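Colleague: give me a model of this one.
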Amino acid sequence: MQCPYCNAEMEVGILEGGRYLLWGKQPHKLSYHPKAGEVLLGEKTISSVRVDSYICKQCKKIIIDYANLGGVREV
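Modeller: This next block holds a predicted model:
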């Protein structure tokens, strides 16, 4: 995949988090319970959350596609 920002070739990989993987506009202080406008990309009790992704090491961007990811919650 070519990077949409700089056109360099991107590498496919996995973005991995601990128990939660959350996208939000502000950092959470104590918990990862999603607030209005946020997207919980994954939540695991025992294992870690993993999302397929592409990384551009030239311009330092990561792109993820969560369309087919189970357990996504948009608030």
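Colleague: beta partners of the residue nearest to Pro4 when sequence neighbours are not counted?
Modeller: Leaving aside its chain neighbours, Pro4 sits nearest to Ile63 (7.6 Å; criterion: CB to CB, 6 or more residues apart in numbering). To be clear about C-beta, it is placed using only N, CA and C from the backbone, and glycine gets the same treatment. As for beta bridges, Ile63 partners with Tyr54 under DSSP bridges.
Colleague: what's the helix or strand bottoming out on mean pLDDT in the chain packed up against?
Modeller: Sorted by mean pLDDT, DSSP states H and E, the helices and strands of the chain end with strand 20-23, the least confident at a mean of 72. Judged by 3 or more CB pairs under 8 Å, 6 or more residues apart in numbering; DSSP states H and E, strand 20-23 is in contact with strand 39-43, strand 49-56.
Colleague: and the ones you listed, which one is worst for confidence?
Modeller: Mean pLDDT is lowest for strand 39-43 among the helices and strands packed on strand 20-23, at a mean of 74.
Colleague: ok, and what's touching that strand?
Modeller: Residues from elsewhere that reach strand 39-43 (CB atoms under 8 Å, 6 or more residues apart in numbering): 17, 19-24, 32, 34, 49-51, 64, 66, 69, 71-75.
Colleague: for it, buried residues please.
Modeller: Neighbour-count burial for strand 39-43, counted by 16 or more other CB atoms under 10 Å, picks out 40-43.
Colleague: tell me the one of those residues nearest Glu11?
Modeller: Within the buried residues of strand 39-43, the smallest distance to Glu11 is 20.0 Å, found for Leu41 (CB to CB).
Colleague: list the contacts for the nearest residue to the closest one once chain neighbours are set aside?
Modeller: Once flanking residues are discounted, Leu41 sits nearest to Leu21: 4.3 Å by CB to CB, 6+ apart. Leu21 makes contact with 15, 40-43, 49, 51, according to CB under 8 Å, 6+ apart.
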